[in-house]
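Colleague: just to be clear, the model below is a prediction. Sequence and coordinates:
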Amino acid sequence: MLDENAYRTAYTEVNPLQCVFERAILCRCCGCQHAIKRNIAEREAAGCLDAAAHAICVELKKELRRAAAFTLKLTHPDEPIPHTKELKLQCGGLLGVERALMPEAAGPVADINAVLNAAANQYGSLASLPFQEIVHAIHAYEPRPRRK
């Protein structure tokens, strides 16, 4: 059995810049040129290799949480949320951003960083994204069902 405190210590040592969209990367609904996957004990983690890209992702995730608080039924948007809601936020949000740029886009987001840079260029800033459309994508996203 793995000591959870030892795991968290090892995690921060091995993965100092945790990927903001780690769950989306690990469930393979998104990819990123700056992501690096690491195995710690029997678990998988995703980190970021670029601090500037990480900052852009942090900004987008804050905006996504703010915009989707009602849809995800978040009473306290700053508190941690359950895994399924986090997947809806991350995967649905990134798919929604990509669809806002390219309405014909379908499937996994190949490169989060490229999509966010294109969105910032097209809309002027991430705060100016069409969050009403993106929230619809978050609401519609259904994670893969659990295996029994």
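Modeller: That came through fine.

Colleague: wait, doesn't Gly96 sit right on Ile138?
Modeller: Yes - under the contact definition of C-beta atoms under 8 Å, Gly96 touches Ile138, with a separation of 6.2 Å. Where C-beta positions appear, they are placed from N, C-alpha and C, glycine not excepted.

Colleague: which residue is nearest the middle of this protein?
Modeller: Against the mean C-alpha coordinate of the chain, by C-alpha atoms, centre = their mean, the closest residue is Phe21 at 2.8 Å.

Colleague: now that one: closest residue in space that isn't a chain neighbour?
Modeller: Residue nearest to Phe21 in three dimensions, not counting chain neighbours: Gln90, with 5.0 Å by C-beta to C-beta, 6 or more residues apart in numbering.

Colleague: that neighbour - how many residues pack around it?
Modeller: Gln90: 27 surrounding residues under other C-beta atoms under 10 Å.

Colleague: who's in contact with it?
Modeller: The neighbours of Gln90, taking C-beta atoms under 8 Å, 6 or more residues apart in numbering as the test, are Phe21, Arg23, Ala24, Cys29, Cys30, Lys61, Leu64.

Colleague: hmm, try it at 7 Å
Modeller: Applying C-beta atoms under 7 Å, 6 or more residues apart in numbering, one finds that Gln90 lies in contact with Phe21, Arg23, Ala24.

Colleague: looking at those residues, which is nearest Ala35?
Modeller: Set against Ala35, the nearest of the contacts of Gln90 by C-beta to C-beta is Phe21 (8.2 Å).
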